[in-house]
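Trainee: take this sequence and fold it.
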Amino acid sequence: MSKHILTEIWIYPIKSLGGIRLSSSGVMEKGLPHDRRWMLVDENNTFMTQREYPSMSLLRLKMQESFFTVTAGTKSIRLDFERHHEQEPIQTQVWDDPVTTFEVSRQHSQWFSDQLKLTCKLVCFPEEGQRRIDPDFVAQEKHVSLADGYPFLIVGTESLNDLNTRLQTPVPMNRFRPNLVFTGGTAYEEDTWQKFAIGKNRFLGVKPCGRCIMTTINQETAEKGIEPLLTLSKYRKSGANVYFGQNVIPIDCDEIHEGDEISFE
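Mentor: As a prediction, the model looks like this:
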């Protein structure tokens with residue numbers, strides 16, 4: 001049996017914008033450091049994603065020593081790791097969850113408004129902020145950042161390979177925005193994972209991840225299609241949801257590295 005090896009680690013600092021690949025990372029209760037600690041909100045302070053605004057995929061991020069550079073075409077802005085922000089809290093909404101956030105700065109909000117050609121604000125979520133994971137699936141009081149529902153998403157390359165054999169045009173892994181990608185094993189086996197470790201850091205699989213139309217947006221061009229969601233719905237649907245990847249919470253807060261072996265209890 002082939003070994004399971006962690007091959008990719010990804011963070012998405014601003015919810016629904018481009019990802020950054022890391023060779024190693026610490027692990028925190030709410031997810032990888034910097035992952036989805038910022039987001040854009042509309043005039044009603046509701047979170048914005050590529051589902052309604054596909055052009056968000058064209059905003060790229062690069063990681064520097066102590067800050068990110070966000071780029072749109074030839075224009076860019078700096079976003080410090082330290083979550084400096086305005087003093088007045090903003091009550092925002094992520095799905096059904098009310099979330100207390102803070103506007104980073106009026107300058108940042110104006111820059112994103114200009115690039116996306118709509119009125120929005122860039123807000124941040126303090127590390128001590130409270131946003132509980134759905135107690136129907138995680139009995140302990142565990143918290144998440146601004147991700148849709150869980151701190152981590154893991155996907156196996158064999159799952160993507162199997163999907164791509166069913167598509168006329170293969171899709172890359174970035175359609176699914178995982179934090180953790182691994183090789184080895186069989187397609188979709190991550191659905192069944194419960195307790196496992198990446199290197200020394202233990203994790204707990206919670207539930208398969210329900211997918212949405214965001215998977216149909218080309219991350220390079222912002223074009224929206226019907227795949228791979230249409231094909232997935234033919235063989236990966238249960239009830240109203242189409243599943244791909246596994247939602248995960250951490251047991252430990254240690255470190256993970258590309259090349260770490262994955263082991264199981």
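Trainee: residues contacting stretch 119-128, please?
Mentor: The contact list for stretch 119-128 (C-beta atoms under 8 Å, 6 or more residues apart in numbering) reads 14, 28, 30, 36-43, 45, 48, 79, 83, 85, 90, 92, 99-105, 108-109, 112-113, 131, 145-146. C-betas here are computed from N, CA, C, even on glycine.
Trainee: buried residues in that stretch?
Mentor: By neighbour count, and taking 16 or more other C-beta atoms under 10 Å as the criterion, the buried residues in stretch 119-128 are 120-125.
Trainee: among the contacts of stretch 119-128, which ones are buried?
Mentor: Among the contacts of stretch 119-128, the ones that count as buried (16+ other C-beta under 10 Å) are 14, 30, 36-42, 48, 79, 83, 85, 90, 92, 99, 101-105, 108-109, 112, 131, 145-146.
Trainee: just put the buried residues of stretch 119-128 in CSV and tack on distance to Thr231.
Mentor: Conversion of the buried residues of stretch 119-128 to CSV gives the following (distance: C-beta to C-beta, whole Å):
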residue, distance to Thr231
Cys120, 33
Lys121, 37
Leu122, 35
Val123, 36
Cys124, 37
Phe125, 34
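Trainee: what's the most distant pair in those?
Mentor: Among the buried residues of stretch 119-128, the pair separated by the greatest distance (C-beta to C-beta) is Cys120 and Phe125, at 16.0 Å.
Trainee: tell me which of the buried residues of stretch 119-128 fall in helices.
Mentor: Assigned to helices by DSSP state H, none of the buried residues of stretch 119-128 qualify.
Trainee: tabulate the residues you listed in CSV, adding columns for pLDDT and distance to Glu65.
Mentor: What follows is the buried residues of stretch 119-128, written out as CSV (pLDDT from 0 to 100; distance: C-beta to C-beta, whole Å):
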residue, pLDDT, distance to Glu65
Cys120, 98, 28
Lys121, 98, 27
Leu122, 98, 21
Val123, 98, 24
Cys124, 97, 19
Phe125, 96, 22
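Trainee: ok, of those residues, which one's closest to Gly210?
Mentor: Using C-beta to C-beta, Phe125 comes nearest to Gly210 of the buried residues of stretch 119-128, at 22.4 Å.
Trainee: may I have the phi/psi pair for the closest one?
Mentor: The phi/psi pair for Phe125 (degrees, to the nearest 10) reads phi -120, psi 120.
Trainee: so His185 touches Thr157, yeah?
Mentor: For the record, residue 185 is Gly, not His. No: Gly185 is not in contact with Thr157 according to C-beta atoms under 8 Å; the separation is 9.3 Å.
Trainee: the helix ranked longest in the chain packs against which elements?
Mentor: In terms of residue count, the longest helix belonging to the chain (DSSP H) is helix 106-116. Using 3 or more C-beta pairs under 8 Å, 6 or more residues apart in numbering; DSSP states H and E as the contact definition, the elements that helix 106-116 packs against are strand 75-80, strand 121-124.
Trainee: switch to 10 Å and redo it
Mentor: When contacts are defined as 3 or more C-beta pairs under 10 Å, 6 or more residues apart in numbering; DSSP states H and E, helix 106-116 packs onto strand 38-41, strand 67-72, strand 75-80, strand 121-124.
Trainee: for Leu160, see how far away Ala187 is.
Mentor: For Ala187, the distance to Leu160 under the criterion C-beta to C-beta, to the nearest Å works out to 9 Å.
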